[in-house]
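Participant: here's a sequence, model it:
(one chain, ligands or ions: 1)
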Amino acid sequence: MADINATVSNILEKISKMLEKPYNAMALGAGLTFLLLLLYHVTSFGGGYFGAFFTFLHVVSGITWIGLLYYFNLVQIPTMPKIPPELKPGIGKYIAPEALFWFRWSALATVVTGLIVFSTSSAVHNLTIITGGILGLVMAFNIWFVIWPNQKIVLGLVPADDDEKTKAGRLAMLTSRANFALSLPMLYCMVTARLVG
Ligand code: HEM
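Facilitator: This is a model prediction of the structure:
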């Protein structure tokens, strides 16, 4: 019994050590997914499977994107005015650049995987998914061509005076708010296109 306990706590210790790195957690998740893929779907490989697998990648990148959009709009932006001035650089210099990196690249990954899924014969091609796709494309355009260039000014990656920084910050915030609003009809279309039509 003592041996089993020691082995279990040894294994748990090794897993805990591994999970300290986020990329290891992602690798573990990918490994478990691959296991299920082999167990359940290896006999279904073929035309339809390609679209299904890309829908999975599409939803993973979409969650990363929209999760960060909700973090910005529900947590970071509303909390900024409450943070003491001496602590603000912690957000501006460390958290925001990292969050914006994942934000814009997951948006691009969502667009690319969404367009790949749309190009497959197994995808629905009705007005609902076209509306959702267009809303998603508008949101991704906003990130790459409005929010990110203005955030670069706010973060000091592009030289600008204080007045320009304030204006850029407001435009980035309002565009992010517009994306927050558009995310609901976009997601409604994504989820109902196949289920309802
Ligand atoms: C950016 C442009 C986007 C395009 C072009 C696009 C395209 C598509 C397509 C073609 C489908 C497959 C519909 C079907 O055949 O059932 C789909 C499904 C879906 N998309 Fe998007 N999408 C986009 C953005 C997003 C975003 C931002 C999310 C956020 C999570 C998202 C989440 C989903 C979900 C949850 C499904 C349903 C999967 C299912 O139930 O089968 N999409 N999308």
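Participant: near the ligand, which residues of this structure?
Facilitator: Within the chain, the positions adjacent to the ligand are 55, 58-59, 62-63, 65-66, 110-111, 114-115, 117-118, 123-124, 129, 133, 136-137, 140, 187, 190-191, 193-194 by CB under 6 Å from any ligand atom. The C-beta positions use only the backbone N, C-alpha and C, and glycine is treated the same way.
Participant: out of those residues, which end up buried?
Facilitator: Taking 16 or more other CB atoms under 10 Å as the criterion, what is buried in those is 55, 58, 62, 65-66, 110-111, 114, 117-118, 123, 129, 133, 136, 140, 190, 193.
Participant: helices of this protein, start to end?
Facilitator: Along the chain, counting by DSSP state H, helices occupy 2-19, 22-36, 47-71, 77-79, 88-89, 96-119, 127-142, 148-154, 162-195.
Participant: export the ones you listed as TSV, with columns for mean pLDDT.
Facilitator: Formatted as TSV, the helices of the chain follow (pLDDT from 0 to 100):
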stretch	mean pLDDT
helix 2-19	93
helix 22-36	96
helix 47-71	96
helix 77-79	96
helix 88-89	94
helix 96-119	97
helix 127-142	98
helix 148-154	96
helix 162-195	97
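Participant: can you say which of the ones you listed is packed in most?
Facilitator: A comparison of the helices of the chain by mean neighbour count, using mean count of other CB atoms under 10 Å, puts helix 148-154 on top with a mean of 19.
Participant: now that one, how far from the centre of its chain.
Facilitator: 19 Å (CA atoms, centre = their mean, to the nearest Å).
Participant: which elements pack onto that helix?
Facilitator: With contacts defined as 3 or more CB pairs under 8 Å, 6 or more residues apart in numbering; DSSP states H and E, helix 148-154 has these neighbours: helix 96-119, helix 162-195.
Participant: with only the CA atoms kept, save the shortest one in PDB.
Facilitator: The C-alpha atoms that make up helix 96-119 are tabulated as PDB, following Å, rounded to 0.1, in the frame of the first residue of the first chain:
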ATOM      1  CA  ALA A  96      -1.000  44.000 -22.800                       C
ATOM      2  CA  PRO A  97       1.800  43.200 -25.400                       C
ATOM      3  CA  GLU A  98       1.500  39.500 -24.600                       C
ATOM      4  CA  ALA A  99      -2.300  39.500 -24.700                       C
ATOM      5  CA  LEU A 100      -2.300  41.500 -28.000                       C
ATOM      6  CA  PHE A 101       0.200  39.000 -29.600                       C
ATOM      7  CA  TRP A 102      -2.200  36.100 -28.900                       C
ATOM      8  CA  PHE A 103      -5.200  38.200 -29.800                       C
ATOM      9  CA  ARG A 104      -4.100  39.200 -33.300                       C
ATOM     10  CA  TRP A 105      -2.600  35.900 -34.300                       C
ATOM     11  CA  SER A 106      -5.500  33.800 -33.000                       C
ATOM     12  CA  ALA A 107      -7.800  36.100 -35.000                       C
ATOM     13  CA  LEU A 108      -5.800  35.400 -38.100                       C
ATOM     14  CA  ALA A 109      -5.800  31.700 -37.400                       C
ATOM     15  CA  THR A 110      -9.600  31.800 -36.900                       C
ATOM     16  CA  VAL A 111     -10.100  33.500 -40.300                       C
ATOM     17  CA  VAL A 112      -7.800  31.100 -42.100                       C
ATOM     18  CA  THR A 113      -9.300  27.900 -40.600                       C
ATOM     19  CA  GLY A 114     -12.800  29.400 -41.000                       C
ATOM     20  CA  LEU A 115     -12.200  29.900 -44.700                       C
ATOM     21  CA  ILE A 116     -10.700  26.400 -45.100                       C
ATOM     22  CA  VAL A 117     -13.800  24.900 -43.400                       C
ATOM     23  CA  PHE A 118     -16.000  27.000 -45.700                       C
ATOM     24  CA  SER A 119     -14.200  25.800 -48.800                       C
END
